[in-house]
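K.L.:
Provide a 3D model corresponding to the input given below.
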Amino acid sequence: MQNSHHILVVDDHRDIREPLTKYMKQQGFRVSSAVDAAQARELLQTNRFDLIVLDIMMPGEDGLSLCRHIQATSQIPVILLTAVSDEIDRILGLELGADDYVVKPFNPRELLARVKSVLRRSETMPTSSETTTPKRFRFDGWTLIFNTREVEHTDGRVVTLTTSEFQILLAMLERPNFALSRDQLLDLTKGRAAVVFDRTIDNHVSRLRQKLEVDPGEPKLLQTVWGRGYKIACEVIVE
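P.N.:
Numbers count the residues shown, from 1 in each chain. Predicted coordinates:
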């Protein structure tokens, strides 16, 4: 039966691109393919994709540059295809927001399993209650301001957040009193390779507590829900 998911395979090697496209179609997916980043960009303008399988090493614009563009302009999950020797590029790709990677040569069944896993994670993600981007969130005496990525308290304090802290806080503010797992926070903040980066979520939450909690050692605002993840435990007003 035809799968509703539409996958884009981007690889300049015909002996990889065509068999992989055929295999994924046999598994029920709708599949488009591109020989390079330029063709992929054209397809992205005229199609809606659910996931992109992207080779890092390509002539012209490489996969990392295209991955950066995809993450900046959409929320489409990306799985990188890398060579064994591409460890640095692989890490950089994950930091850019790629969801996972598969090392060449690979078993198509392994890639299929990773595709299904990434799609499953993205589909179970709780959606934001807001359909348009608000200007600010008010919570527990604080106000999160988008254009400066700062939080201001009613007592006059102003706290500057790092990009990761801002993204994690925003993800929780959009889903108040909902416990988000590390995987879900990684998905929402585009740092979705949980095997590599899951502990960094804990570090960012700890730093947010240092900045926002009255007593970081006994957090009341950014709470841990044991066995589930983290939640922001207060009323959130969206403006």
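K.L.:
Now the residue lying farthest from the centre of the chain. Nearest residue, chain neighbours left out?
P.N.:
Most distant residue from the mean C-alpha position of the chain: Asp155, 34.2 Å away (Cα atoms, centre = their mean). If the residues on either side of it in the chain are set aside, Asp155 comes closest to Gly141, at 7.5 Å by Cβ to Cβ, 6 or more residues apart in numbering. (C-beta placed from N, C-alpha, C; glycine too.)
K.L.:
That neighbour touches His153, doesn't it?
P.N.:
Yes - using Cβ atoms under 8 Å, Gly141 makes contact with His153 at a distance of 5.5 Å.
K.L.:
low pLDDT regions in this structure?
P.N.:
1-3, 86, 123-134, 187, 190-199 (pLDDT under 70).
K.L.:
now Leu8, what's its secondary structure?
P.N.:
strand (DSSP: H, G, I helix; E, B strand; the rest coil).
K.L.:
Hmm, it is touching Ser32, no?
P.N.:
Yes - using Cβ under 8 Å, Leu8 and Ser32 qualify as a contacting pair, with a distance of 5.2 Å.
K.L.:
coming back round to it: the residue nearest to Asp155: what's it in contact with?
P.N.:
153-155 (Cβ atoms under 8 Å, 6 or more residues apart in numbering).
K.L.:
10 Å - rerun?
P.N.:
151-155, 157, 212, 214, 221, 234 (Cβ atoms under 10 Å, 6 or more residues apart in numbering).
K.L.:
sorry, back to before: joint contacts of Gly141 and His153?
P.N.:
Leu212.
K.L.:
so how far is stretch 171-189 off the chain centroid?
P.N.:
11 Å (Cα atoms, centre = their mean, to the nearest Å).
K.L.:
Which of the contacts of Gly141 are buried? Put it as a PyMOL command.
P.N.:
The following PyMOL line selects those of the contacts of Gly141 that are buried, judged by 16 or more other Cβ atoms under 10 Å:
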select buried, resi 151+152+212+221+234
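K.L.:
In strands, which of the contacts of Gly141 fall?
P.N.:
151-153 (DSSP state E).
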